[in-house]
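> pasting a predicted model and its sequence here:
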Amino acid sequence: MKTKHPKGLYLLFSVEMWERFSFYGMLALLVLFMKNYFGWSTEVAGNIYGWYIGLVFLTPILGGYLADRFFGPNKCIVAGALTIAAGQFVLFSVPYTASVTAFYIGVALLIIGNGLFKSNISVLVGGLYEKDDPRKDAGFTIFYMGINMGAAIAPIVCGFLGEKVAWQWGFFAAGVGMIIGFFTFILGKKKYLNGLGDHPASHKSRKSKAKTAEPLTVKEKQRMAVIFIMAFFVIFFWFAFKQNGASLTLFASESTDRVIPWINWEVPASWFVSLNAAFILIFAPVFSRVWIKLAEKKKEPSTPAKFVWGLALLSFGFVIMAVAAWANYKFGKVGVLWLTGTYLFLTLGELCLSPVGLSLVTKLSPARYASMLMGAWFLANFIANKLAGQFAGMYDKINHIKFFLFPAAVAFVAAMLLLVIRKYIKRWMHGVH
């Protein structure tokens, strides 16, 4: 069995790293910026946060449709990268103009740019492998390291600049990151992608046009149904997980002792967002290798089984947070190890679910609908993120112990339900693992 990955994977790894640097750099600052610069309440900031991260995951449906039908993934990725950079630079201008309108324009550009970019680069990763290639899950896990390398660096760089220097410089650094990603893609795609993504799937030839018009087979319909079933369970995962940019950041800011005593310096609250990404960089190679080794021995867990583990580990992470909230209530500010432990279990859960889910969509999607179905997969993230933002907006109104126990319970119940029905889901996957 082949274990070496296509060279194009490492190009896409690098491009996604810089795009995620841009995204997470802005995300680490967003709620803190709205509260501390504009003076908006937690409820208002949480709702805007929810709409932002929700729409970031809704618009890929449109981006996928445009790629599949008209432009191809590569042109959409280029347009998306430039639009994201423009949005970051508009946000850079906000502290100079104090314009709420400019703030919303910047956020809107980021949403549109992400819609064009996000689903299409994931489709390119899937296109590097054959549908039944056992390296695909491992390849997506490596790609996921690119996502999280950017996510690990961004809050440190952009968070420090935003919180300790001036807000605008955090947004400026995020914009520069996206520009680097844009040029990386432009300079490397011809050499490493060999034409992959240059044309829309439905316009490659008369034959492909005719195939697009063909009705879906029962097998294709059932596989597509699995994508939507698994996307349903993804909602519960991301609803809980996306507290990282909102309530977990507020807990870091308000309830965590962040002062390093021997230098008397307080760690920026936004830096804690980097823990998730740092843990992924540590554990993603381990997971990637484990999936390949288990596949060689024909013992690799099915995708639904991996999802069960992901939800269960996430649930345990929020149980740790609930205990931390109790300790904060009883004794005052808590140490950084509570958040560190929470992020560790959230990360282990994410590695069982998120890259595996991206891989699943490329395995089960008919080629002519690949980008659009990847966008539909992100629709689940839209619902989850919008709910996460609304829930985060209630952080100041609910006892924090109960607040963190709720996502723990939601994830656990979802894990148990999926455990019960996983065998039925596998039948509709028709041999796809």
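Great, that's in hand.

> ok now do Q222, which residues does it touch?
Q222 is in contact with 428, 430, counting by CB atoms under 8 Å, 6 or more residues apart in numbering. All C-beta spots, glycine's among them, are computed from the backbone N, C-alpha and C.

> tell me the buried residues in the host helix or strand of it?
Secondary structure from DSSP states H and E places Q222 in helix 218-241. Within helix 218-241, the residues that qualify as buried by neighbour count (16 or more other CB atoms under 10 Å) are 220, 222-224, 226-227, 229-231, 233-241.

> try stretch 285-292
287-288, 291-292.

> which other residues reach that stretch?
By CB under 8 Å, 6+ apart, stretch 285-292 touches 1, 3, 134-135, 137-138, 141-142, 145, 300, 351-352.

> of these, buried ones?
134-135, 137-138, 141-142, 145, 300, 351-352.

> mind listing what's buried in stretch 157-169?
Quick answer for stretch 157-169 (16+ other CB under 10 Å): 157-163, 167-169.

> and if you look at stretch 50-69?
Buried, per 16+ other CB under 10 Å, within stretch 50-69: 50-69.

> give me the subset of these lying in helices.
Under the assignment DSSP state H, those contribute 50-58, 60-66 to helices.

> name the nearest of those residues relative to H430.
Closest approach to H430 among those (CB to CB): G64, at 23.1 Å.

> next one: the closest one, what pLDDT does it get?
What the model reports for G64 is a pLDDT of 83.

> I'd say it and I121 touch.
No: using CB atoms under 8 Å, G64 and I121 do not qualify as a contacting pair, with a distance of 11.1 Å.

> okay, stretch 236-251 in PDB with CA atoms only?
Extracted C-alpha coordinates of stretch 236-251, given in PDB (Å, rounded to 0.1, in the frame of the first residue of the first chain):
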ATOM      1  CA  PHE A 236     -23.600  19.100  18.100                       C
ATOM      2  CA  PHE A 237     -19.800  18.900  17.900                       C
ATOM      3  CA  TRP A 238     -19.200  22.400  16.600                       C
ATOM      4  CA  PHE A 239     -21.900  24.000  18.700                       C
ATOM      5  CA  ALA A 240     -19.800  23.000  21.800                       C
ATOM      6  CA  PHE A 241     -16.400  23.400  20.200                       C
ATOM      7  CA  LYS A 242     -16.900  26.900  18.900                       C
ATOM      8  CA  GLN A 243     -17.100  28.200  22.500                       C
ATOM      9  CA  ASN A 244     -13.300  28.500  22.000                       C
ATOM     10  CA  GLY A 245     -13.500  32.000  20.500                       C
ATOM     11  CA  ALA A 246     -16.300  33.200  22.800                       C
ATOM     12  CA  SER A 247     -17.100  31.800  26.300                       C
ATOM     13  CA  LEU A 248     -13.700  30.000  26.700                       C
ATOM     14  CA  THR A 249     -11.900  33.200  25.700                       C
ATOM     15  CA  LEU A 250     -14.100  35.200  28.200                       C
ATOM     16  CA  PHE A 251     -13.300  32.600  30.900                       C
END
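
> mind checking how far that stretch is from the chain centre?
Its chain's average C-alpha position is 12 Å from that of stretch 236-251, according to CA atoms, centre = their mean, to the nearest Å.

> check contacts around the closest residue to L66 other than its chain neighbours.
Spatial nearest neighbour of L66, excluding adjacent residues (CB to CB, 6 or more residues apart in numbering): C76 at 5.9 Å. Taking CB under 8 Å, 6+ apart, we find C76 in contact with 63, 66-67, 116-117, 120.

> what about C76, which SS state?
helix (DSSP: H, G, I helix; E, B strand; the rest coil).

> and the helix or strand where I142 lies, what does it pack onto?
Counting by DSSP H and E, the element that carries I142 is helix 136-160. Using 3 or more CB pairs under 8 Å, 6 or more residues apart in numbering; DSSP states H and E as the contact test, the elements touching helix 136-160 are helix 8-36, helix 100-127, helix 167-193, helix 273-296, helix 336-364.

> out of those, which gets the lowest mean score?
When I compare these, helix 273-296 is least confident, with a mean of 84.

> what's the first helix or strand after that helix?
Following helix 273-296 in sequence, per DSSP H and E, is helix 303-331.

> no more questions from me, cheers.
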